[in-house]
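> sequence plus predicted model, see below.
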Amino acid sequence: PLFSWHDSKGMVYPMLKMAALGCINSILSSVGWGNSFGHSFHVRGESFYLAKGVSPEIVCLHGHWCSLAYEVYI
């Protein structure tokens, strides 16, 4: 799976959010782009599904949006 790793015994583990952000921020910082806190990935994911025609109700459920706040980002 995407964002996973194998241990020495071949077991697959998902990468945790903080570990993923740590790797991403290390790369971003090395080129002088600052840091990401994860929210931008969340918003971009929701925007992607809306652009693909997924209903806003499903996007809100998937993104754990409790309001129409997602409309600010699209």
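Alright, I've got the coordinates. Residues are numbered from 1 along each chain as shown.

> pLDDT weak spots in the protein?
1, 39, 42, 69-70, 73-74 (pLDDT under 70).

> I figured Asn25 hits Val31, correct?
No. Using CB atoms under 8 Å as the test, Asn25 is too far from Val31 to be in contact (11.2 Å). Any C-beta I mention is one placed from the backbone N, CA and C, and that applies to glycine too.

> which one of these two is surrounded by more residues?
For Asn25 versus Val31, the count of surrounding residues by other CB atoms under 10 Å is larger for Asn25: 16 against 7.

> now the more buried one. Nearest residue, chain neighbours left out?
Asn35 (4.6 Å; CB to CB, 6 or more residues apart in numbering).

> next, that neighbour: phi, psi?
phi -120, psi 160 (degrees, to the nearest 10).

> which residues touch it?
Asn25, Leu28, Ser29 (CB atoms under 8 Å, 6 or more residues apart in numbering).

> and the last one, what element?
Element membership for Ser29, per DSSP states H and E: helix 17-30.

> tell me the buried residues in that helix?
Leu21, Asn25 (16 or more other CB atoms under 10 Å).

> ok, residues contacting it?
Outside helix 17-30, the residues touching it (CB under 8 Å, 6+ apart) are Phe3, Met15, Gly34, Asn35, Ser36, Phe37, Gly38.

> number of residues surrounding Glu46?
Neighbours around Glu46, by other CB under 10 Å: 20.

> thinking again about what came up before, next SSE after the helix holding Ser29?
Taking DSSP H and E, what comes next after helix 17-30 is helix 39-51.

> quickly list what Ser4 is bridged to.
Pro14 (DSSP bridges).

> neighbours around it, how many?
9.

> now swap in Gly38 and tell me
Gly38 has 13 nearby residues by other CB under 10 Å.
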